[in-house]
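**Student:** let me see the structure of the following:
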Amino acid sequence: GGKSEISKPLTDAIVCGPVFIADWEGDMKITREVIDKDYSDRFRNPEKSNIRNRKILNPDRSLGSVIKLLTPSQTLYTDEFNTWLDTIPQRVKDLVLIVKRRYREEWEENWEQYFSVDSVNGQPANELRFKGEKLITRLLRVGFDQNGSWRLFALRKDFIPAQKLLAEDDITVSTVAPLRLLNEIGPGNFKESAKFVHNCEYRLFQRPDDAIHRGFDKQTEKDLARPGNFISNFECLEQNDAVEQVAKTLTFEKYTDPMRELILSASDKVGEASQFVSSANPRIVDGKPTKNPRYLQTRPDLFDPKSVYLSLSGTRLRRKIDHQNSVLYPVRSVLPGRRNNPAEDGGKVRPLCCFAPIHYLELPELFIDFIVSVTGKSPSTTGAGSEGALTKAPFNAILPIHDLNAALVSYASTGQGAFVTSAGYIGPKYKVAHDVSLLIPEIWSRLRDYENDPNDMISKGYLEKVPKLKHNGADLPTEYLGYRITRRFAHEFLGRIFTDPISVFPEDMIQPELQDKEQYADSLNNLVDAGRTVAARYFKDGCIEKACPPLRALLEIMANGSWDGKGLLDPDFRKLFDPASILESEWYLQRLATRIEVTKKYWQGRIEYLEEFVKDHANKEASRKLDIEERLNFSKDALSRLDDSDDAISRIHGCLGVDPSIYR
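**Tutor:** Numbering: from 1, shown residues only. Presented below is the predicted three-dimensional model:
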């Protein structure tokens, strides 16, 4: 879940409101104390810390540094300092950040005179003003509480949402290329190769879950108001429906302008000409609105070529690339999404809610995830099961094992880690819909190059191995969950977005087992059971014979619990997935040799075709115009460079190669 949402604008989930002051004089007094405090004694281990003792309003201290300073941390700060931080109301911390954001050096110590509240009936009001103008705070929705109310969190005063360009959605072609063959590709923690993807679709098959809330999904309302749409599972409305909606002014005004104009237009027409669909009115199925409304969205970049051009031009200038060379955008982060659900229908739908907001999976666990593609109950499917039911085979006729073999080579050659993000639910308690998916690009776009390295995150305590756990006397297979984010991750990275970063993901969200141990245990067992079922199919249909050695071993563990008596955590097994071992393995070199053979056959075919073309006297004039002789020489030269197989293989080392089993 959340694949499309990663590329949608965050602005739809942002709400605005006034800056609230509960007690003007009291809050300003505490604000002054916080700003003037000496923070030099806050560190738990001062000998390991860079103590510069900068005042909060010091221009050398950034807004992010102040947020980090005012956020409790059990690893960085003393217990006394954390206790003091807990006594400061969040609204006062927000007020400190507002002062920091607006402060100018020439004010010196007189900053208070620039802030005020109105007086109502002789008493201070509750809306903050700066130089007489009302201030606005922005809040981001990150899920819902158990009553269905929005969980809103204040954004930093200097926060600007990331600009996103949707590059692809469901159908994509990808490859990897060795770095030594590439010109400037920009910063990134690549190993031997970089991965590139290319879109294969003109329109994207969207399911706008949030469009049922009028005015929330602005892009969907804009798209559906255009003519020429392909629409599925939206209710066909007519003039009387339009008139009824227009009459209900309060709800009608929630729509964005394009949808309001469409409905107003339909209210003035009669018969078939008045028919329209509203983003807030999905088709009624079995007496209730369907949760699977769909439409084909024309790729947004086609409607916004200016943003594409500016992105390309900006990147070209930043990297100093001349116009003779292409601007390359390699994959810098791998962020798969998964949909989770609690137990439903009295246990008929098993829970799948053991995941924290973000997990890092090493290659064995990641490929278990890919092989099973397990998903929670989704509006797109008939229930929980393997993701993408009936959507893969029509577009990809080869066996899944061939894609898995190539994917393993891709991860080994690029050396990139995958961070899996949650949609739907986190534990049975927190419904998050796609809000975490929307948030992920904001986090990752603000990471420095080295911070995207999972090993760096683990060493600094931003990720922790999911701990072992027993339930009813049995060990739970928590190793399937890899690593998950910690409070320290929130302290470090969410502070670049929110004013109170550790409140966004509370402790029982980061550790879902604290919500309901029974459902946590059943979710893990559900993962193992699904893996066993799916892996057994690879043995039944013979695909296991086409699996590369690491994946064959993994499938045996999934199906039977062990490989040569070794389990998932055995060092000998895990060494099979070491990137260096993969790229030096006999089976990988065989893939490269097969690639050379396939390429030889290609050029031999081109040469034979061109020679036959030239021999025909009827093609003499065409051969001259098309410069066939030069094309023929080019083809012969390309073929000659493949004569030395060892040299040719060394040149393409780091590429995907070709699966030999396809050509047997």
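**Student:** wait, residue 553 touches residue 560, no?
**Tutor:** No. Contact criterion Cβ atoms under 8 Å: residue 553 and residue 560 do not qualify, at 10.9 Å. (Glycine included, C-beta is placed from N, CA and C.)
**Student:** these two: which is more packed in?
**Tutor:** More crowded of residue 553 and residue 560, by other Cβ atoms under 10 Å: residue 553, with 23 against 12.
**Student:** and the more buried one, that's in a strand?
**Tutor:** No. Under the criterion used here (DSSP: H, G, I helix; E, B strand; the rest coil), residue 553 is helix, not part of a strand.
**Student:** how near is it to residue 528?
**Tutor:** Per Cβ to Cβ, to the nearest Å, residue 553 is found 17 Å from residue 528.
**Student:** equivalent analysis for residue 13, please.
**Tutor:** Using Cβ to Cβ, residue 13 is found at 35 Å from residue 528.
**Student:** do the same with residue 619
**Tutor:** 64 Å.
**Student:** same check on residue 47?
**Tutor:** 46 Å.
**Student:** who's more crowded, those two?
**Tutor:** Using other Cβ under 10 Å as the criterion, residue 47 and residue 528 rank with residue 528 on top: 16 against 6.
**Student:** identify the residues contacting the more buried one.
**Tutor:** Contact partners of residue 528, counting by Cβ atoms under 8 Å, 6 or more residues apart in numbering, are 477, 480.
**Student:** where's it, which helix or strand?
**Tutor:** Assigned by DSSP states H and E, residue 528 belongs to helix 517-540.
**Student:** low-confidence ranges in the protein?
**Tutor:** Counting by pLDDT under 70, the chain has low-confidence residues at 1-5, 51, 376-394, 664.
**Student:** for it, longest helix please?
**Tutor:** The longest helix of the chain (DSSP state H) is helix 586-615.
**Student:** what comes up buried for it?
**Tutor:** 587-588, 590-596, 599-600, 603, 606-607, 610, 613-614 (16 or more other Cβ atoms under 10 Å).
**Student:** which residues touch the helix or strand following that helix?
**Tutor:** Next in sequence after helix 586-615, counting helices and strands by DSSP H and E, comes helix 620-626. By Cβ under 8 Å, 6+ apart, the surrounding residues in contact with helix 620-626 are 613-614, 628-629.
**Student:** ok, now with 6 Å
**Tutor:** Here helix 620-626 makes contact (Cβ atoms under 6 Å, 6 or more residues apart in numbering) with residue 614.
**Student:** need the next SSE after that helix, C-terminal direction.
**Tutor:** Scanning onward from helix 620-626 (DSSP H and E), the first element met is helix 628-640.
**Student:** buried ones in the very next helix or strand once past that next one?
**Tutor:** Remark: after helix 628-640, the chain's next helix or strand is helix 645-651, criterion DSSP H and E. For helix 645-651, a neighbour-count test (16+ other Cβ under 10 Å) marks 648-649, 651 as buried.
**Student:** tell me what helix 645-651 is packed against?
**Tutor:** Where contact means 3 or more Cβ pairs under 6 Å, 6 or more residues apart in numbering; DSSP states H and E, helix 645-651 is packed against helix 586-615.
**Student:** so how far is stretch 309-327 from its chain's centroid?
**Tutor:** 25 Å (Cα atoms, centre = their mean, to the nearest Å).
**Student:** for stretch 322-341, same thing?
**Tutor:** In terms of Cα atoms, centre = their mean, the gap separating the centre of stretch 322-341 from the centre of its chain is 11 Å.
**Student:** what is the end-to-end distance of that stretch?
**Tutor:** Start-to-end span of stretch 322-341 (Cα to Cα, to the nearest Å) is 50 Å.
**Student:** and stretch 507-525, by the same measure?
**Tutor:** With Cα to Cα as the measure, stretch 507-525 spans 23 Å from end to end.
**Student:** name the residues that touch it?
**Tutor:** Applying Cβ under 6 Å, 6+ apart, the contact partners of stretch 507-525 are 343, 351-354, 356, 426-430, 471, 476-477.
**Student:** where do the helices sit along the stretch 151-300 of the chain?
**Tutor:** Using DSSP state H, counting those that start in this stretch, the helices of the stretch 151-300 of the chain run over residues 218-224, 239-247, 249-252, 257-267, 300-303.
**Student:** which one of those is the most hemmed in?
**Tutor:** Of all those, helix 218-224 carries the top mean neighbour count, a mean of 21, counting by mean count of other Cβ atoms under 10 Å.
**Student:** tell me the helices and strands packed up against it.
**Tutor:** By 3+ Cβ pairs under 6 Å, 6+ apart, helix 218-224 packs against helix 257-267.
**Student:** repeat that for 7 Å
**Tutor:** Using 3 or more Cβ pairs under 7 Å, 6 or more residues apart in numbering; DSSP states H and E as the contact test, the elements touching helix 218-224 are helix 257-267, strand 294-298.
**Student:** how about the CA coordinates for the longest one, as CSV?
**Tutor:** Backbone C-alpha positions of helix 257-267 (Å, rounded to 0.1, in the frame of the first residue of the first chain) are rendered in CSV as follows:
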residue,chain,number,x,y,z
ASP,A,257,-13.1,25.1,-7.6
PRO,A,258,-12.9,22.6,-10.5
MET,A,259,-15.4,20.1,-8.9
ARG,A,260,-17.7,22.9,-7.8
GLU,A,261,-17.8,24.3,-11.4
LEU,A,262,-18.5,20.8,-12.8
ILE,A,263,-21.5,20.3,-10.4
LEU,A,264,-22.8,23.8,-11.0
SER,A,265,-22.6,23.1,-14.8
ALA,A,266,-24.5,19.8,-14.4
SER,A,267,-27.2,21.5,-12.3
